[in-house]
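Asker: With the sequence up front, the predicted model follows.
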Amino acid sequence: MMKTLMERLRSREILISDGAIGSILLSRGLPKAQCPESYNISHTDVLTDIAKEYLEAGAEIIQTNTFGASPLKLKDYSLDEKTDSINRSAVQAVRNAVDDKAYISGSCGPSGKMLKPYGDIEPEEMYESFHRQITSLISAGVDIICIETMTDINEALSAIKAAKSISSTIPVMATMTFDPTPRGFFTIMGTDIPTAVKMLSDSGADVIGSNCGNGIENMIKIAADIKAETEIPVIIQSNAGLPELKDEKIIYSETPEFMAEKAVELAELDVSIIGGCCGTTPAHIKAIRNKIDSLT
Amino acid sequence: MDIINSISTQLISGNDKDVASDTKKALDSGISAETILNDGLIMGMNIIGDRFRDHEVFLPDVLMAAKAMYAGMELIKPILIKSGISSRGKIVIGTIQGDLHDIGKNLVGIMLKGAGYEVIDLGHDVSPEKFVEVAKETGATIIGMSALLTTTMANMKEVVKILKNENLDGKIRTIIGGAPVSDQYASDIGVDKYSFDAGNAVDIVKELMA
């Protein structure tokens, strides 16, 4: 690939990223109580297949299956000793599928623990955990680090700092999850959008945004609020609405067509990267790709 | 009763040391443990719970208030136990099997304790059998289940099935909560009630125990 991801963002292209991995893994046999990241080692081929499907759907940024692959999080499954190989296998799985036809984004989700004084984790321990995971992702060759679904701004900053300390050249995306309140959007930890945007960009994040949430319509409002605060490229990865159970099956209400239609509004807001979160599939990404391509 | 007001005010501000020293002062001045619990600690938790529900405060404020509540509880609990004042009721809570997410569930536990209920918290990854077994052992009349994952929420139904098989439905009631579940889901799987947040869980428990 000739241009780097950041060069393309600077030339104001809209890039499409991939959709969910976790919900697809479950539909392909991942046992319910098993750590999704353990599949990186035991079923690398399944992850390569999913990455291929997203590539064929038109995604140019493909995430690694490492959302919960920080040692603090892996400890829940007593897999923290395997942090390095779990993260490396995830990058390799995507590399096998995309070669250099797409950018590989190293996913880095919340630790699942709370910093003192609310929880019992020291800032150093949190930082060390992110540092270990991101070191593996970067040395395995990801093109960008994606710190995502954060609700505690200090945890997000800790991860950004770790990434930047490992490499001064690797771009870093940081996304947070906001809920609607009568006073605007806030994370459950109480950070509003202006504060989040300021702190994330001050800490050196190259792309900022939001993911997960409660359907794409809320995400359009969140995107508008973020864009009002910053010139930094914005990423939006919405879920396909909240999950519902029908006839023993979990379904997400937002169809590929609906999300693609709404993605036009994200493009109009000058969002740089559009992708999916929980409940989105290669079909959603393909519909969004086609719709966005038809705009130009 | 200024000291009682001070307890709830300090609790709302999350000042655990002040709640402890005020609680001690109140006890020394002859105010009953029960009054301290109801008009000080529970009152404070109710207010912080309402503010959290209305998005006026956020999770950190609730967690700090809870720490303050525990600081006061620790001092009055031995007295309450000795004087045989019973709790308002017993509830077993936990995150359902396969799910390790317990922040929301912990919050429900805090709010229920703050409202004067005895909470038996089974932690996370709790099997349906365990929920029922502990409820029977302890005489709890409500089982509260939490899930964050769409993939684990289906396990909640098993608890309802076991209760039915053992003819305990109606005697032990069920409540569910968590991001992926809903009112609709609760009625689909035969759970008694859905609660949309921790404050709402307290209202529902009150309703079910009334």
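Answerer: All right, it came through fine. Residues are numbered from 1 along each chain as shown, chains lettered A, B, ... in the order given.
Asker: measure the residue of the stretch 101-250 of chain A found nearest chain B to B:Ala147 for me?
Answerer: Of all residues in the stretch 101-250 of chain A, A:Gly190 sits closest to chain B, with a separation of 3.1 Å (Cβ to the nearest Cβ). No exception for glycine: its C-beta is placed from N, CA and C like everyone else's. A:Gly190 sits 24 Å away from B:Ala147, going by Cβ to Cβ, to the nearest Å.
Asker: okay, those two: which has more neighbours?
Answerer: More crowded of A:Gly190 and B:Ala147, by other Cβ atoms under 10 Å in any protein chain shown: B:Ala147, with 26 against 17.
Asker: Touching, the more buried one and B:Val159? I think so.
Answerer: No: judged on Cβ atoms under 8 Å, B:Ala147 makes no contact with B:Val159 at a distance of 11.5 Å.
Asker: Report how many residues lie close to the residue nearest to B:His55 when sequence neighbours are not counted.
Answerer: Residue nearest to B:His55 in three dimensions, not counting chain neighbours: A:Thr181, with 3.5 Å by Cβ to Cβ, 6 or more residues apart in numbering or on different chains. A:Thr181 is flanked by 14 other residues according to other Cβ under 10 Å.
Asker: Can you list the strands that the one helix or strand B:Gly144 maps to pairs with?
Answerer: Taking DSSP states H and E as the criterion, B:Gly144 maps to strand B:142-146. In the sheet, strand B:142-146 lines up against strand B:90-95 (parallel), strand B:173-177 (parallel) (DSSP bridges).
Asker: Mind checking what helix or strand follows the longest one in sequence?
Answerer: Reading on from strand B:90-95 to the C-terminus, the next helix or strand found by DSSP H and E is helix B:103-114.
Asker: again with the last one
Answerer: The helix or strand immediately downstream of strand B:173-177 is helix B:183-189, counting by DSSP H and E.
Asker: buried ones in that next one?
Answerer: By 16 or more other Cβ atoms under 10 Å in any protein chain shown, the buried positions in helix B:183-189 come out as B:Tyr185, B:Ala186, B:Asp188, B:Ile189.
Asker: Could you dump those residues into CSV with distance to A:Glu217 and pLDDT added?
Answerer: CSV is the format used below for the buried residues of helix B:183-189 (distance: Cβ to Cβ, whole Å; pLDDT from 0 to 100):
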residue, distance to A:Glu217, pLDDT
B:Tyr185, 22, 91
B:Ala186, 25, 94
B:Asp188, 25, 92
B:Ile189, 28, 93
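Asker: Make JSON lines from those residues and add distance to A:Ser111 to it.
Answerer: Shown next, in JSON lines, are those (distance: Cβ to Cβ, whole Å):
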{"residue": "B:Tyr185", "distance to A:Ser111": "28"}
{"residue": "B:Ala186", "distance to A:Ser111": "31"}
{"residue": "B:Asp188", "distance to A:Ser111": "33"}
{"residue": "B:Ile189", "distance to A:Ser111": "31"}
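Asker: List the buried residues for stretch A:221-235?
Answerer: Buried residues in stretch A:221-235, counted by 16+ other Cβ under 10 Å: A:Lys221, A:Ile222, A:Ala223, A:Asp225, A:Ile226, A:Lys227, A:Glu229, A:Thr230, A:Ile232, A:Pro233, A:Val234, A:Ile235.
Asker: So which of those belong to helices?
Answerer: Residues of the buried residues of stretch A:221-235 located in helices (DSSP state H): A:Lys221, A:Ile222, A:Ala223, A:Asp225, A:Ile226, A:Lys227.
Asker: got the contact list for A:Ser238?
Answerer: A:Asn211, A:Cys212, A:Gly213, A:Gly215, A:Ile216, A:Asn218, A:Met219, A:Met259, A:Gly276, A:Cys277, A:Thr280 (Cβ atoms under 8 Å, 6 or more residues apart in numbering or on different chains).
Asker: Sorry, wrong one. I was asking about B:Arg53.
Answerer: B:Asp197, B:Gly199, B:Asn200.
Asker: again, only using 6 Å
Answerer: B:Asp197, B:Gly199 (Cβ atoms under 6 Å, 6 or more residues apart in numbering or on different chains).
Asker: and it, what pLDDT?
Answerer: Listed pLDDT for B:Arg53 reads 83.
Asker: Tell me the spacing between it and chain A.
Answerer: From B:Arg53 over to chain A the distance is 11 Å, taken as Cβ to the nearest Cβ, to the nearest Å.
Asker: For the spatially most distant residue from the centre of chain B, grab phi and psi.
Answerer: Distance from the centre of chain B peaks at B:Ser29, with 29.7 Å (Cα atoms, centre = their mean). Main-chain torsions, B:Ser29, degrees, to the nearest 10: phi -80, psi 10.
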